[in-house]
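[1] model this:
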Amino acid sequence: MRKQIVAGNWKMNNDLSQTGSLIDALKSKTQTSNAEVMVAPTFTNLYHAFEALKTVNIEVVAQNMHFAENGAYTGEISASMLKSVGIQTVILGHSERRAYFNETDELLAKKVDAALANNMRVIFCFGEELADRKSGNEETVVGNQIKNALFHLDASAFKNIVLAYEPVWAIGTGETASPEQAQDMHAFIRKTLSDKYGNEVANTVSILYGGSVKPANAQEIFSKPDVDGGLIGGAALNADDFFAIVNAF
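    Modelled structure (predicted):
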């Protein structure tokens with residue numbers, strides 16, 4: 001059975017004090033679903049968050065990492081550094097990393113390899129932009145992002161991979177992605193996996209939806225058969241909203 005997952009990506013928000021306040025608010029909430037719950041604070045607050053949340057069922061994950069183990073990569077963080085402060089899962093390939101920091105499929109393949117070599121779990125992000133959707137190339141773009149970064153892996157690697165589809169065209173553009181459009185793309189993603197690795201792998205990999213999930217639409221989105229949870233942005237910064245999404249399952 002696929003895992004249901006709700007992961008909150010805090011992005012470049014919250015200093016140490018604000019992180020502590022949000023963690024306290026999260027710890028005060030009651031979870032009624034069986035979903036795995038994750039939060040991704042900024043690098044400087046990872047250890048504090050890990051220590052504060054290790055007694056509850058909320059995993060602290062990283063927003064990014066470098067592919068090298070160490071070396072002259074000023075400002076970068078390695079997998080072993082993350083693991084040394086308790087982090088076991090990392091988000092890779094987020095649309096903002098691709099857009100603002102020019103991360104390519106080839107670079108992301110190296111990051112995925114490094115994470116897996118360190119026995120970490122990967123939340124791998126991908127998705128098409130507005131021009132791709134309007135031209136009808138969304139499946140080609142998404143399929144290539146998955147194939148270029150992941151299809152060199154053995155099937156066994158996918159037990160440590162979660163996929164996260166981000167419809168970049170529907171985030172901050174005024175366009176809206178319907179739950180049906182989310183389901184259609186998730187079904188395509190699962191078929192892409194099945195064509196390469198078979199149904200067993202395809203049907204056990206969790207695929208999250210990262211397209212502006214909110215308390216008002218979470219239940220409808222999560223009810224779709226190929227949507228296994230959400231990668232949550234802005235709503236994850238409010239404990240009430242975030243747990244309303246968690247409990248939407």
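[2] could you use CA atoms for every contact and neighbour count after this?
    Fine.
[3] remind me which residues of this structure are low pLDDT?
    Along the chain, segments meeting pLDDT under 70 span 174, 176.
[4] at 90 instead, please
    1, 130, 169-177, 211-212 (pLDDT under 90).
[5] residue nearest the centroid of it?
    Against the mean C-alpha coordinate of the chain, by C-alpha atoms, centre = their mean, the closest residue is residue 123 at 4.4 Å.
[6] hang on, that one in a strand?
    Yes: looking at residue 123 with DSSP: H, G, I helix; E, B strand; the rest coil, it is inside a strand.
[7] from what I see, it and residue 108 are in contact.
    No: look at residue 123 against residue 108 with C-alpha atoms under 8 Å: they stay out of range, at 11.7 Å.
[8] shared neighbours, the two?
    Jointly contacting residue 123 and residue 108 under the rule C-alpha atoms under 8 Å, 6 or more residues apart in numbering are residue 92.
[9] so residue 162, which of the three states?
    Assignment for residue 162 (three-state DSSP): strand.
[10] residues contacting it?
    121, 122, 123, 124, 205, 206, 207, 208.
[11] out of those, which end up buried?
    By neighbour count, with 16 or more other C-alpha atoms under 10 Å, the contacts of residue 162 hold 121, 122, 123, 124, 205, 206, 207, 208 as buried.
[12] got those residues as TSV, with distance to residue 64 columns?
    Below are those laid out as TSV (distance: C-alpha to C-alpha, whole Å):
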residue	distance to residue 64
121	12
122	10
123	10
124	10
205	21
206	19
207	19
208	17
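[13] and of these, the nearest to residue 165?
    residue 208 (6.2 Å; C-alpha to C-alpha).
[14] now do stretch 125-133: distance from first to last residue.
    17 Å (C-alpha to C-alpha, to the nearest Å).
[15] ugh, wrong one, I meant stretch 144-162
    17 Å.
[16] off-centre distance for that stretch?
    14 Å (C-alpha atoms, centre = their mean, to the nearest Å).
[17] cool, and stretch 44-56?
    Worked out by C-alpha atoms, centre = their mean, stretch 44-56 lies 19 Å from the chain centre.
[18] do a quick rundown of the helices in the chain.
    16-27, 46-53, 79-84, 95-101, 105-117, 130-134, 138-150, 179-197, 199-202, 218-222, 239-246 (DSSP state H).
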